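S.K.: missing the sequence, but the structure's below:
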């Protein structure tokens, strides 16, 4: 296998093309192959082609593939960045090319700062401007296989978002401390298991390190990684072509072809089945979903409206519409808001520590709670002022407080 200099690859400058100054993200990809033809763009797919069968769609070159990728970005008014790495076109370099993904995304984040980046594969297309990625305060977004059952066989309505499994085709990373931490941990895992599938590795570290707790993550529905060949056969009542944002119209690289190009026969990392597959429980029904909590504005709801409608109809979530705010808990919220007026909310900058009686003393920006019942309204009061809030119970140590703030991306 030919040698590859990662430092040489990282020394190449990246320059985003900004065509939409109001957009807070840049669509990015990297590619290789140039004038070679991409077999995934033909029809029938390579693995389905019978002996003697004629192609109804001939494969296109990687050059043309990226030209179409850029065209879809411009048409959808998305900023974009596409970088070619000819080094990966050499025989046996497929897995090394895939393993480069977190490093490329890290470098793209620096080049696009302060904007976020939306990685999509080079054989995918943006169909319409995905305003979901303009929502602020989110670290990471990627497809959640266990949060959208529509790709499963008919009758298997499984919803279990607490076990996160994703695909490497669509991934959003914000320019935040937590997003960069995900990228570092992902690359460390790839170095440990260089022949395994990169999307299974990031899925595994997410669950091993409980990153759903320490990051602000949105699990994307199928409309943000629409595998046209597979999903167009889903019953029409479960999807709307006008709500699809990102498509993958090409064939998928089969496990056999990935092995022939340098990947391992077994693409899953060790202990994947026990840590992830066996932890999925398909028994959840009627979980409340509050649009008012999830989305900053009512207009943002349209970004996943098809998923919300289908999941509500299947009974997997109980949808509380945006105008209903907290639904049956509006009375509780209003009572807490009224109580704020009786509390001494202080004019602090940065993170505020809400301290129970007997809590560790001497914390900066500390607010002493006189009663346990004051916790929620006091927290609401500071959150309304724009502060982050950390609750410090009496049993907490200073080290515990620092650890919580570190996970949340706050200062010590």
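M.R.: Now that the structure is in, tell me what you want to look at. Since we're looking at a predicted model, the values are computed, not measured.

S.K.: State which helix of the chain is the longest.
M.R.: Taking DSSP state H as the criterion, the chain has its longest helix at helix 177-192.

S.K.: which helices and strands does that helix pack with?
M.R.: helix 101-112, strand 140-143, strand 170-173, helix 198-208 (3 or more CB pairs under 8 Å, 6 or more residues apart in numbering; DSSP states H and E). C-beta: built from backbone N, CA, C; applies to glycine.

S.K.: buried residues in it?
M.R.: In terms of neighbour count (16 or more other CB atoms under 10 Å), helix 177-192 has its buried residues at 178, 179, 180, 181, 182, 183, 185, 186, 187, 189, 190.

S.K.: closest one to residue 60 among the helices and strands packed on helix 177-192?
M.R.: Within the helices and strands packed on helix 177-192, the stretch nearest residue 60 is strand 170-173; the backing value is 21.4 Å (CB to CB).

S.K.: so what secondary structure elements neighbour that closest one?
M.R.: Strand 170-173 sits against helix 101-112, strand 116-120, strand 140-143, helix 177-192, with contacts defined as 3+ CB pairs under 8 Å, 6+ apart.

S.K.: Relative to it, what are the paired strands and their orientations?
M.R.: Here strand 170-173 is paired, per DSSP bridges, with strand 116-120 (antiparallel), strand 140-143 (antiparallel).

S.K.: neighbouring contacts of it?
M.R.: Residues outside strand 170-173 that contact it (CB atoms under 8 Å, 6 or more residues apart in numbering): 25, 105, 109, 116-120, 124, 133, 138-143, 179-180, 182-183, 220, 224-225, 246.

S.K.: returning to what we had before: export the strands paired with strand 170-173 as JSON lines, with columns for distance to residue 12.
M.R.: Below are the strands paired with strand 170-173 laid out as JSON lines (distance: least, CB to CB, whole Å):
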{"stretch": "strand 116-120", "distance to residue 12": "16"}
{"stretch": "strand 140-143", "distance to residue 12": "25"}
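
S.K.: Reformat those as TSV; add mean neighbour count.
M.R.: TSV is the format used below for the strands paired with strand 170-173 (neighbours: other CB atoms under 10 Å):
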stretch	mean neighbour count
strand 116-120	26
strand 140-143	26
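
S.K.: Any chance of the ones you listed in JSON lines with distance to residue 164 and mean pLDDT as columns?
M.R.: Shown next, in JSON lines, are these (distance: least, CB to CB, whole Å; pLDDT from 0 to 100):
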{"stretch": "strand 116-120", "distance to residue 164": "17", "mean pLDDT": "99"}
{"stretch": "strand 140-143", "distance to residue 164": "8", "mean pLDDT": "98"}
